[in-house]
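Colleague: how would this look folded up:
(one chain, ligands or ions: 1)
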Amino acid sequence: MLENVVVAVTGAAQGIGRSIALKVASLGADVCLADINLDGAEAVADEIRDLGRNAMAVRVDVTDPTSTEDLMRSVTQNFGRLDVAVCNAGIVQVKPFFDITAEDWNRTMTVNGLGTFLTLQSAARVMREQTPLSPGRPSGKIINMASIAGRYGAGAMAPMTPHYRASKAAVISLTQTASFGLAPKITVNAVCPGIVDTDMWTQIDREWSEAEDLLPGEAWRSRTAAIPMGRPQTPTDVAEVVGFLCSSSSDYMTGQSINVDGGLFMS
Ligand SMILES: NC(=O)c1ccc[n+]([C@@H]2O[C@H](COP(=O)([O-])OP(=O)(O)OC[C@H]3O[C@@H](n4cnc5c(N)ncnc54)[C@H](O)[C@@H]3O)[C@@H](O)[C@H]2O)c1
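Modeller: All right, here's what the predicted structure looks like:
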């Protein structure tokens, strides 16, 4: 399904990014694992090579335009082209509303907002110059990692994550403006996960517990209890939808942000 397709994934050393890389590799893609944590990215690249697929690992800091340009150059030097960029790297912080500093705000917005923009921009520079894999198809696809947190501002955690929520709303907005600007050569879509069992949620649970004097695990239990599908989300739940967005089955979709959250938020 993804034979001859080259996919670059940022934030691929762990969590959702790792699952996406493994999924697209299992579908036949050549994969570039990009992360600020190069050792982690190398370890996932080894997992993919063990499956008999092609993988490379690159250190990237998505907040640095030189680094995102270097990343895309490495991908094309190694694999000859770049068909899909998954802009997945991100950070979170849970902190009482009145304790959030300008530095906290800027760091979150810089990694999640600017980082997504720079990765997208560097990828699009490559994609707009290349011919499509087959005539009539887009010459590239960009998939951004947003969040249902970017959709609404209510709920117990919302006042402790205004910077994270604003950054993910920015990703949803960027998905729309970039898709309009880059059509019809390049499609741009986003995925909005809900509550995914990764290190990020371990951090959320810890910071939320500290802020509200909860028992460890209590925030996770109360939030996941509200999921209509009756279980926490796995990274694979996200990767399955990204696999579809990487494929030719989604060629006519652009500018969309898709909730993949077990029914937590419906829009
Ligand atoms: N876990 C969730 O519940 C959840 C829900 C909705 C959206 N998301 C989003 O999904 C994405 C992945 O989340 P996750 O849960 O796998 O998180 P994670 O913390 O497990 O992994 C994030 C990865 O991003 C990398 N990274 C951080 N800053 C970077 C930078 N400047 N440059 C390059 N890489 C950098 C980290 O090294 C790490 O490997 C994030 O954008 C997150 O906001 C997660």
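Colleague: Point to the residue nearest the middle of the chain.
Modeller: Most central in the chain under CA atoms, centre = their mean is Asn88, positioned 2.1 Å from the mean C-alpha point.
Colleague: Please list all residues in contact with it.
Modeller: By CB atoms under 8 Å, 6 or more residues apart in numbering, the residues touching Asn88 are Val9, Thr10, Gly11, Ala12, Ile16, Gly17, Ile20, Met145. The way it works is simple: take the backbone N, C-alpha and C, and place the C-beta from them, glycine included.
Colleague: Just give the closest residue to the second one, not the sequence neighbours.
Modeller: What it means is Thr10. Ala89 (4.0 Å; CB to CB, 6 or more residues apart in numbering).
Colleague: Okay, that neighbour and Thr175: tell me how far apart.
Modeller: Going from Ala89 to Thr175 by CB to CB, to the nearest Å gives 16 Å.
Colleague: Ok, Ala154 next?
Modeller: Going from Ala154 to Thr175 by CB to CB gives 22 Å.
Colleague: And for Phe117?
Modeller: Using CB to CB, one obtains 11 Å as the distance from Phe117 to Thr175.
Colleague: ok, those two, which is more surrounded?
Modeller: Neighbour totals were compared for Phe117 and Thr175, and Thr175 leads with 26 against 20 (other CB atoms under 10 Å).
Colleague: Quick one: mean pLDDT over the biggest helix by length in the chain.
Modeller: The longest helix of the chain (DSSP state H) is helix 162-182. For helix 162-182, the mean per-residue pLDDT is 98.
Colleague: Give the next helix or strand downstream of it.
Modeller: Using DSSP states H and E, the helix or strand that follows helix 162-182 towards the C-terminus is strand 186-193.
Colleague: mind exporting that next one as CSV, just the C-alpha atoms?
Modeller: Extracted C-alpha coordinates of strand 186-193, given in CSV (Å, rounded to 0.1, in the frame of the first residue of the first chain):
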residue,chain,number,x,y,z
ILE,A,186,0.4,19.2,-1.8
THR,A,187,-2.3,18.1,0.6
VAL,A,188,-2.2,19.1,4.3
ASN,A,189,-4.3,17.4,6.9
ALA,A,190,-4.2,17.0,10.7
VAL,A,191,-5.1,14.4,13.3
CYS,A,192,-6.6,15.4,16.7
PRO,A,193,-5.9,12.6,19.2
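Colleague: Up against the ligand, what does the stretch 101-250 of the chain have?
Modeller: Residues of the stretch 101-250 of the chain lying close to the ligand (CB under 6 Å from any ligand atom) are Val111, Gly115, Met145, Ser147, Pro193, Ile195, Val196, Thr198, Asp199, Met200, Trp201.
Colleague: which SS class is Ala211?
Modeller: With DSSP: H, G, I helix; E, B strand; the rest coil as the basis, Ala211 sits in helix.
Colleague: Same check on Glu42?
Modeller: helix.
Colleague: Disregarding residues adjacent in the polypeptide, which is nearest to Ile258?
Modeller: Val191 (5.5 Å).
Colleague: Near the one you found, how many other residues are there?
Modeller: Val191 has 27 nearby residues by other CB under 10 Å.
Colleague: Same question for the one 5 residues further on.
Modeller: Val196: 21 surrounding residues under other CB under 10 Å.
Colleague: check contacts around it.
Modeller: Gly15, Ile16, Pro232, Gln233, Thr234, Pro235, Asp237, Val238.
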